[in-house]
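> Could you work out the structure for the sequence below:
(2 chains)
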There are 2 protein chains.
Amino acid sequence: MASSPRHLDVCFSPGIIHLYDITDSIVVVIDVLRATSSMCVAMHYGVNSIVPVASVEESMAYRAKGYLIGAERNGEMLDGYDLGNSPFSYMTEMVRGKDIALSTTNGTQAIVAAKNAHTIVAGSFLNLDVLCDWLKSQDRSVLLLCSGWKNSFNLEDTLLAGAVIDKLQADYSMSMMRDAAIAARHLYTVAKEDVYGFLGESSHRMRLERLQIEKDIEYCLTPNQAPAIPILHDGALRLLTP
Amino acid sequence: MASSPRHLDVCFSPGIIHLYDITDSIVVVIDVLRATSSMCVAMHYGVNSIVPVASVEESMAYRAKGYLIGAERNGEMLDGYDLGNSPFSYMTEMVRGKDIALSTTNGTQAIVAAKNAHTIVAGSFLNLDVLCDWLKSQDRSVLLLCSGWKNSFNLEDTLLAGAVIDKLQADYSMSMMRDAAIAARHLYTVAKEDVYGFLGESSHRMRLERLQIEKDIEYCLTPNQAPAIPILHDGALRLLTP
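Below is the predicted model:
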């Protein structure tokens, strides 16, 4: 039983993370469609490590060191890369045991924005229960950081934050910056019976629809398909082994 | 009948307003508790103009020019000022026909953040219907700017944004940054039967509870009590006369 009080908060955009004191907190980075979902899948299927990188140049430097390189910009895979951002591309033998340098539009940037946190883990619907159980076992405040879309608010990340709050709220108190958490919980309550349908008119669904990746989206919104927690150590995400 | 398409969007924090192109838009600045509510009351009760100012020094310069000065920081009136941030303080004969320089924690700052907009007006529950009718009559996109609390998300401003969307959505399209608008509309749908009760656990309610201003809060959450639209011209808010 962890000692109290520990706080549970939500930040809707990496652009305002400076408003939160995260130095003693666990930050859960959330990019449901699709970066943190793919990270959970990668860990669950045996990838050794994922280094979040910010630029193409940095990716190429890692390739020279023997890494596979993955990248996505505006929802699409980039030419010349080994991997994109689809969770299914991380379920192959090709990636097992490998180290990957990954750059994405939003998820990677959010990890960078959270760099002052005590601990950074990746959250998605795919690791929802195992993530919540682990958070509860830790004696620390938690900030759920929605990656959003280029720093603007997005719905799917907010719904996952709401799902986490739904599971954890009895064990945490909320800070004076609680309104985002209250909003996320209410939105999840409205959406939870049909998250896929609820997101039907959302911006990201519409962006990704163009790319014909409905299968990715349905997978990423289905809880507990990849019960692994990616945790950042020395600049690389690895499988958390509690 | 205005020509299409015009967009209706919501920005949850002045800290990310740079993500929106507002140069051709009407920005509705929202600070329900209590800056924009008090501005609506002031206009409805005959104040001539309100100049939003950022600092104490600036206020004093306006006082020297014969203005009344109003200020609030962290919910409380400042010593040496004529007026605070309570809507009731703007219902007196003392303010009729007067010019006021007003500095508040969040509302004034949001107006400054929106300075590149085509048009800036103040919105609150108090002018909800008259505001929506006027917006509909304009052939322009609208951004609803929630002042929040020191750049973090807040619920009461979001609920007003949701109420405006509820009334206007049939006449506008949403941009690709639509998720905030979808969220605000859902939250308003959940809250609308009892906005006061819904906000019971919100951060700002708890902050203001300390100050024993429940009467202010109930008033500010009651629609259409002060059907006047403050509009910014040459740095001062004045009554919009359609």
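> Show the contacting residues for the residue nearest to A:I111 when sequence neighbours are not counted.
Once flanking residues are discounted, A:I111 sits nearest to A:P52: 4.6 Å by C-beta to C-beta, 6 or more residues apart in numbering or on different chains. For glycine as for every other residue, the C-beta is placed from the backbone atoms N, C-alpha and C. Contact partners of A:P52, counting by C-beta atoms under 8 Å, 6 or more residues apart in numbering or on different chains, are A:L102, A:S103, A:G107, A:T108, A:I111, A:V112, A:L232, A:G235, A:L237.
> So what does the nearest residue to A:Q138 once chain neighbours are set aside look like in phi/psi?
Among residues not flanking A:Q138 along the chain, A:I26 sits closest, at 6.2 Å (C-beta to C-beta, 6+ apart). The phi/psi pair for A:I26 (degrees, to the nearest 10) reads phi -90, psi 120.
> now do A:V121
As for A:V121, its main-chain torsions (degrees, to the nearest 10) stand at phi -130, psi 160.
> repeat for A:D9
Note on A:D9: its backbone torsions stand at phi -130, psi 170 [degrees, to the nearest 10].
> partners of it in the sheet?
Beta-bridge partners recorded for A:D9 (DSSP bridges): A:L143.
> That one and A:S25, how far apart?
Distance, A:D9 to A:S25, by C-beta to C-beta, to the nearest Å: 8 Å.
> Run through the strands of chain A in chain order.
Remark: strands assigned in chain A by DSSP state E are A:8-11, A:26-30, A:49-52, A:68-73, A:76-77, A:99-103, A:119-123, A:142-146, A:230-233, A:236-239.
> On the strand side of things, show who the residue lying closest to A:I120 once chain neighbours are set aside bridges to.
Distances taken as C-beta to C-beta, 6+ apart put A:L232 closest to A:I120, at 4.1 Å, once the chain neighbours are dropped. Listed beta-bridge partners, A:L232: A:L237 (assigned using DSSP bridges).
> what touches both of A:D9 and A:S25?
Residues touching both A:D9 and A:S25 (C-beta under 8 Å, 6+ apart): A:S141, A:V142, A:L143.
> any chance of those in TSV, plus neighbour count and distance to B:L19?
Shown next, in TSV, are these (neighbours: other C-beta atoms under 10 Å in any protein chain shown; distance: C-beta to C-beta, whole Å):
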residue	neighbour count	distance to B:L19
A:S141	21	28
A:V142	27	26
A:L143	25	21
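> Closest to chain B out of the residues you listed?
Taking C-beta to the nearest C-beta as the measure, chain B lies nearest A:L143 of the shared contacts of A:D9 and A:S25, at 12.0 Å.
> how about the residues of chain A that lie near chain B?
In this structure, chain A approaches chain B at residues A:12-13, A:15-16, A:19, A:149-155, A:158, A:176-180, A:182-183, A:186-187, A:189-190, A:201-204, A:206-207, judged by C-beta under 8 Å from any C-beta of the partner chain.
> from those residues, which would you call buried?
A:12-13, A:15-16, A:19, A:149-155, A:158, A:177-180, A:182-183, A:186-187, A:190, A:202-204 (16 or more other C-beta atoms under 10 Å in any protein chain shown).
> A:D31: how many residues sit nearby?
33 (other C-beta atoms under 10 Å in any protein chain shown).
> Excluding chain neighbours, what is closest to it?
A:G107 (3.3 Å).
> ok, back up a step: so which of A:D9 and A:S25 has more stuff around it?
Each of A:D9 and A:S25 has its neighbours counted (other C-beta under 10 Å); A:D9 has more, 26 against 22.
> Look up how far chain B lies from the nearest residue to A:M43 once chain neighbours are set aside.
Excluding its sequence neighbours, the residue lying closest to A:M43 (C-beta to C-beta, 6+ apart) is A:A228, at 3.9 Å. In this view, A:A228 and chain B are 28 Å apart by C-beta to the nearest C-beta, to the nearest Å.
> and if you look at A:V47?
A:V47 sits 30 Å away from chain B, taking C-beta to the nearest C-beta as the criterion.
> any idea how far that residue is from A:A122?
Distance of A:V47 to A:A122, given as C-beta to C-beta: 12 Å.
> per-residue confidence averaged over stretch A:216-233?
Per-residue pLDDT over stretch A:216-233 has a mean of 96.
> could you dump that stretch to PDB, C-alpha only?
Output in PDB follows, covering the C-alpha atoms of stretch A:216-233 (Å, rounded to 0.1, in the frame of the first residue of the first chain):
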ATOM      1  CA  ASP A 216      -5.000  -0.100 -37.200                       C
ATOM      2  CA  ILE A 217      -7.500   2.200 -35.600                       C
ATOM      3  CA  GLU A 218      -9.800  -0.600 -34.400                       C
ATOM      4  CA  TYR A 219      -6.900  -2.500 -33.000                       C
ATOM      5  CA  CYS A 220      -5.500   0.500 -31.200                       C
ATOM      6  CA  LEU A 221      -8.800   1.200 -29.500                       C
ATOM      7  CA  THR A 222      -9.200  -2.400 -28.200                       C
ATOM      8  CA  PRO A 223      -8.000  -2.700 -24.600                       C
ATOM      9  CA  ASN A 224      -5.300  -5.000 -23.400                       C
ATOM     10  CA  GLN A 225      -4.100  -6.500 -26.700                       C
ATOM     11  CA  ALA A 226      -0.400  -5.900 -25.900                       C
ATOM     12  CA  PRO A 227       0.000  -5.900 -22.100                       C
ATOM     13  CA  ALA A 228       3.500  -4.500 -21.900                       C
ATOM     14  CA  ILE A 229       4.800  -1.300 -20.500                       C
ATOM     15  CA  PRO A 230       7.500   0.600 -22.300                       C
ATOM     16  CA  ILE A 231       9.600   2.600 -19.900                       C
ATOM     17  CA  LEU A 232      12.300   5.100 -20.700                       C
ATOM     18  CA  HIS A 233      15.900   4.400 -19.400                       C
END
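> Buried residues of that stretch, list them for me.
A:216-217, A:219-221, A:225-232.
> Next, the contact list for A:P87, please.
Listed by C-beta under 8 Å, 6+ apart, the contact set of A:P87 reads A:R34, A:S37, A:S38, A:C40, A:V41, A:L126, A:D216, A:Y219, A:C220, A:A226.
> So which of those residues sit within helices?
Taking DSSP state H as the definition of helices, the contacts of A:P87 contribute A:S37, A:S38, A:C40, A:V41, A:D216, A:Y219, A:C220.
> Could you work out the most separated pair of those residues?
By the measure C-beta to C-beta, A:C40 and A:D216 form the most distant pair in the ones in helices among the contacts of A:P87, at 13.3 Å.
> sorry, back to before: select from the strands of chain A the stretch with the lowest mean pLDDT.
Minimum mean pLDDT among the strands of chain A: strand A:76-77, a mean of 76.
> How about A:A163, nearest residue that isn't a chain neighbour?
A:Y188 (5.3 Å).
> There's contact between the one you found and A:K167 in this structure, I believe.
No - A:Y188 is beyond contact range of A:K167, at 10.2 Å (criterion: C-beta atoms under 8 Å).
> who's more crowded, those two?
Applying other C-beta under 10 Å to A:Y188 and A:K167 shows that A:Y188 carries more neighbours, namely 20 against 16.
> could you measure that one against A:P223, distance?
As judged by C-beta to C-beta, A:Y188 and A:P223 stand 12 Å apart.
> what do the two both touch?
Contact criterion C-beta under 8 Å, 6+ apart; residues shared by A:Y188 and A:P223: A:A163.
> just to revisit the earlier point, contacting residues for the residue nearest to A:M43?
A:A228 touches A:C40, A:M43, A:H44, A:N127, A:V130, A:L239, A:L240, counting by C-beta under 8 Å, 6+ apart.
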